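Asker: I'd like to go over a predicted model; first the sequence, then the structure.
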Amino acid sequence: MIMRFCEKRVLTTSYLFLLFSLGYILLVTSFMPATSVRGPSRIIQEGRGKLAQVCWMTRSVQQQLLANETTVSSTAASSSVVIKPGFVAGPSLDTKPDYKNIHGPLGKWIDNNIFMTVFRYQLAQKVGVDSSKPLNDYTGLIELTAAMNARYSNRTTAQELAQETLLSLFPPGLPKSFSIMFAKPFPKFSARLNAWATMVAGTWLMGEGEVSDCQVDGDAEGEFTGISQGLYVKRCRFLEESGCASVCVNSCKIPTQNFFMQNMGLPLTMTPNYETGECQFSFGLTPNEAEELDAKMTPCLMRCPTGGSMRSWHNNGDRSNSPPLNSCTFMDDGNKSMEDNDESKIIDGIN
């Protein structure tokens with residue numbers, strides 16, 4: 001009887017948390033300007049250098065990604081697929097979903113005009129530059145992410161900006177309260193709640209997904225005792241549209257894991273599959289150092305828009321120290337603002 005009463009109180013409180021969060025997002029939306037923060041050609045002064053016209057990156061991303069998609073699609077159609085050393089083909093473009101018509105249970109309008117708009121706006125506020133495309137245009141989000149990765153040579157900086165963006169989507173103090181009131185005393189319930197909430201609010205970003213069983217802390221290899229504590233993404237839209245495994249790791253995987261662990265008090269491990277485009281969210285599973293290193297050392301996708309040229313910039317702007325071609329870990333522990341000379345080097349590499 002007491003347990004049933006407690007369960008009802010927990011469920012009621014969790015629903016209130018969700019409603020409060022949704023209300024906060026709606027409030028933020030109502031105060032947002034109709035246009036984005038800044039156009040991508042805006043020159044921004046920063047520190048000892050400047051990020052000169054980040055539109056070179058966003059424009060190159062679109063053009064190169066389209067060209068690479070055509071090449072990869074043609075290659076896949078042939079009987080002998082030639083994969084460059086240090087790259088993976090990624091999922092076939094012939095079976096690419098119609099992401100624009102995939103939406104969560106709250107509907108397409110809510111996904112595009114509330115969730116996407118607020119997320120894009122908050123990320124632009126953190127980065128300090130934005131695409132000129134409408135806030136509810138997914139391509140604009142990809143351009144903004146490309147600009148963020150072009151702006152910083154330190155992977156940690158990019159990860160922290162993405163994590164801060166996730167935190168800004170919630171009312172101040174709510175994540176910490178969730179950690180105290182739910183994640184610690186009710187870890188299984190919290191994991192299931194977040195798996196469901198991520199599916200509801202994140203379909204627009206990731207593509208179609210479903211709540212699933214998963215591994216949790218304490219499970220042996222092959223065990224999946226986390227009943228309904230996981231989220232299985234069938235084919236990640238963010239990975240496919242960005243075309244870059246490193247953007248996936250540094251702008252999505254690690255920031256999201258850190259957000260849930262550090263801000264929500266809930267362990268999370270995300271396991272992307274770059275061959276198929278799938279991704280498994282495992283709430284209640286603490287990331288393993290060896291597996292995290294493997295994720296950071298993942299090969300690039302064949303249709304990566306920069307073709308590996310951005311590694312030199314993310315390796316502190318030094319081509320001589322760039323990682324081997326078979327890895328996408330092109331952000332090291334150094335950080336600096338992009339100088340004109342650095343920009344021209346990367347443009348040469350992309351063109």
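Answerer: In hand now; what should we look at?

Asker: what stretches of the stretch 251-351 of the chain score poorly on pLDDT?
Answerer: Of all residues in the stretch 251-351 of the chain, those with pLDDT under 70 make up the ranges 308-351.

Asker: strands of that one, start to end?
Answerer: For the stretch 251-351 of the chain, strands defined by DSSP state E, counting those that start in this stretch occupy the ranges 268-272, 279-283, 300-301.

Asker: kindly report the same for the chain.
Answerer: Listed in chain order, the strands found in the chain under DSSP state E are 44-46, 49-51, 87-88, 209-214, 226-233, 268-272, 279-283, 300-301.

Asker: what's the neighbour count on residue 101?
Answerer: By the measure other Cβ atoms under 10 Å, the count of residues near residue 101 is 7. The way it works is simple: take the backbone N, C-alpha and C, and place the C-beta from them, glycine included.

Asker: do the same with residue 161
Answerer: Residue 161 has 20 neighbouring residues, counting by other Cβ under 10 Å.

Asker: wait, it sits on residue 125?
Answerer: No: under the criterion of Cβ atoms under 8 Å, residue 161 lies out of contact with residue 125, with a separation of 10.0 Å.

Asker: could you double-check that residue 258 sits in contact with residue 164?
Answerer: No: contact criterion Cβ under 8 Å: residue 258 and residue 164 do not qualify, at 10.3 Å.

Asker: now do the closest residue to residue 130 other than its chain neighbours, the pLDDT please.
Answerer: The shortest distance from residue 130 to any non-neighbouring residue, by Cβ to Cβ, 6 or more residues apart in numbering, is to residue 124 (3.7 Å). The predicted local confidence for residue 124 comes out at a pLDDT of 94.

Asker: ok, the one 5 residues further on next?
Answerer: Confidence per residue is given as pLDDT, and for residue 129 that number is 87.

Asker: that one contacts residue 149, doesn't it?
Answerer: No: between residue 129 and residue 149 there is no contact under Cβ under 8 Å: 12.0 Å.

Asker: ok, the closest residue to residue 272 other than its chain neighbours - contacts?
Answerer: Distance criterion Cβ to Cβ, 6+ apart; nearest residue to residue 272, sequence neighbours excluded, is residue 279 at 4.5 Å. Listed by Cβ atoms under 8 Å, 6 or more residues apart in numbering, the contact set of residue 279 reads 206, 232, 233, 236, 239, 270, 271, 272, 273.

Asker: of the residues you listed, closest to residue 298?
Answerer: If you rank those by distance to residue 298 using Cβ to Cβ, residue 272 comes first, at 8.1 Å.

Asker: what about the nearest residue to residue 252 once chain neighbours are set aside, neighbour count?
Answerer: Leaving aside its chain neighbours, residue 252 sits nearest to residue 238 (5.9 Å; criterion: Cβ to Cβ, 6+ apart). Taking other Cβ under 10 Å as the neighbour definition, residue 238 ends up with a count of 22.

Asker: from residue 178, how far off is residue 238?
Answerer: Here residue 238 is placed at a distance of 24 Å from residue 178 (Cβ to Cβ, to the nearest Å).

Asker: also residue 105?
Answerer: Counting by Cβ to Cβ, the gap between residue 105 and residue 178 amounts to 21 Å.

Asker: more neighbours, the two?
Answerer: It is residue 178, of residue 105 and residue 178, that has more neighbours when counted by other Cβ under 10 Å, with 23 against 11.

Asker: residue 222: what's it in contact with?
Answerer: By Cβ under 8 Å, 6+ apart, the contact set of residue 222 is empty.

Asker: do you know how far it is from residue 215?
Answerer: Between residue 222 and residue 215 the distance is 9 Å, computed by Cβ to Cβ.

Asker: please name the nearest non-neighbouring residue to residue 254.
Answerer: For residue 254, the closest residue by Cβ to Cβ, 6+ apart turns out to be residue 159, at 5.0 Å.

Asker: tell me the confidence at residue 76?
Answerer: Residue 76 carries a pLDDT value of 43.

Asker: what do you get for the one 10 residues further on?
Answerer: In this model, residue 86 is scored at 70, pLDDT.

Asker: ok, how many other residues are close to it?
Answerer: For residue 86, which is what you asked about, the neighbour count (other Cβ under 10 Å) is 14.

Asker: of the strands of the chain, which approaches residue 243 most closely?
Answerer: For the strands of the chain, proximity to residue 243 was assessed by Cβ to Cβ; strand 300-301 is nearest, at 5.8 Å.

Asker: sheet partners, orientation included, of that closest one?
Answerer: Each strand that strand 300-301 pairs with, and the sense of that pairing, follows from DSSP bridges: strand 87-88 (parallel).

Asker: got the contact list for the strand it pairs with?
Answerer: Under the criterion Cβ under 8 Å, 6+ apart, residues 245, 274, 275, 298, 299, 300, 301, 302, 304, 325, 326 lie in contact with strand 87-88.

Asker: now the fourth one: how far from residue 276?
Answerer: When Cβ to Cβ is the yardstick, residue 298 and residue 276 sit 13 Å from each other.

Asker: neighbour-wise, which of these two wins?
Answerer: residue 298 (19 against 13).

Asker: show me what contacts the closest residue to that one other than its chain neighbours?
Answerer: Counting by Cβ to Cβ, 6+ apart, residue 245 is the residue found nearest to residue 298 once chain neighbours are left out, at 4.8 Å. When the contact criterion is Cβ under 8 Å, 6+ apart, the partners of residue 245 are 88, 239, 272, 274, 298, 299, 300, 301, 304, 328.
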